[in-house]
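> Quick check, what structure comes out for this input:
(one chain, ligands or ions: 1)
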Amino acid sequence: MSPRILVFYGTTDGHTRKVAAAIARTIQSIGLEVDLVDAKASRRKVTPQEYSGVIVAASVHAGGYQRTVRRWVKQHAAELRTRPSAFVSVCLAVLERSPKAARDLGAILQRFFRATEWHPTESKIVPGALLYTRYNWLKRWLMRRIVAKAKGDTDTTRDYEYTDWDDLAAFAQRFAGEILSARKAG
Ligand SMILES: Cc1cc2nc3c(=O)[nH]c(=O)nc-3n(C[C@H](O)[C@H](O)[C@H](O)COP(=O)(O)O)c2cc1C
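Numbers count the residues shown, from 1 in each chain. Got it, this is the predicted structure:
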């Protein structure tokens with residue numbers, strides 16, 4: 001039986017679903033089985049136990065990740081620790097490319113790892129999206145203000161997607177490849 005990977009994700013506005021689905025497609029394309037699970041849909045049913053590796057993806061909103069993801073990871077930290085695992089952090093601050101933004105994102109990650117007692121084999125920061133057309137007026141106004149300060153994109157009549165899909169595919173390929181070679185060696 002080929003190894004099975006779990007891609008478990010949390011999303012607020014939908015972009016991390018797209019990121020998680022892209023990761024799942026890449027892993028499938030190299031011949032592994034994948035389950036793609038939304039933290040909101042089936043938090044209780046899924047456990048890391050049945051999987052050779054787990055990738056958790058979540059997005060940063062006001063300095064933290066989705067509560068559903070935090071709870072699930074905390075609940076399953078012991079099983080996550082005994083298999084290859086990765087955390088994908090989707091955010092926008094990484095686009096600022098400043099030491100302060102990097103420090104802040106590092107602190108958000110460390111807070112998550114401390115709170116959940118899970119230290120994944122690897123973690124990856126992925127630039128997300130500005131979905132102005134999907135936000136309500138208040139969120140659109142707020143996001144435009146924050147983004148303008150950082151000299152980012154402020155045309156609220158359209159959406160912006162910053163994810164580097166090739167880089168994401170390379171990450172997913174490497175993660176799955178390591179699980180495949182461990183299986184062959186063992
Ligand atoms: C209300 C709001 C708050 C956000 N707060 C942060 C933040 O604190 N740091 C950050 O880097 N990105 C922040 N972002 C950017 C999101 O992480 C980014 O838009 C991401 O693509 C959202 O993913 P999702 O669609 O899966 O929820 C925020 C976005 C929104 C709409």
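> Averaging pLDDT per element, find the lowest-scoring helix or strand in the protein.
Here the helix or strand of the chain ranked lowest by mean pLDDT, DSSP states H and E is helix 39-42, holding a mean of 85.
> For this structure, just list every one of the helices.
Ranges of helices within the chain are 15-29, 39-42, 67-75, 77-81, 99-116, 137-149, 165-185, based on DSSP state H.
> any idea which of these is most buried?
The highest average neighbour count among those, using mean count of other C-beta atoms under 10 Å, belongs to helix 15-29 at a mean of 20. The C-beta positions use only the backbone N, C-alpha and C, and glycine is treated the same way.
> and the nearest residue to residue 176 once chain neighbours are set aside, what pLDDT?
Computed as C-beta to C-beta, 6 or more residues apart in numbering, the closest residue to residue 176 that is not its neighbour in sequence is residue 27, at 4.5 Å. The per-residue pLDDT reported for residue 27 equals 97.
> still on that earlier bit, relative to the ligand, which of the helices of the chain is closest?
When the helices of the chain are compared by C-beta to the nearest ligand atom, helix 15-29 sits nearest the ligand, at 3.1 Å.
> got the contact list for that closest one?
Helix 15-29 is contacted from outside by 5, 7-11, 34, 36, 38, 55, 57-59, 88, 90, 126, 128-129, 131, 161, 163, 165, 168-169, 171-173, 175-176, using C-beta atoms under 8 Å, 6 or more residues apart in numbering.
> Stretch 106-125 too?
Against stretch 106-125 from outside (C-beta under 8 Å, 6+ apart): 56, 60, 63-65, 70, 73-74, 77, 80-81, 84-89, 91, 94, 105, 171, 175.
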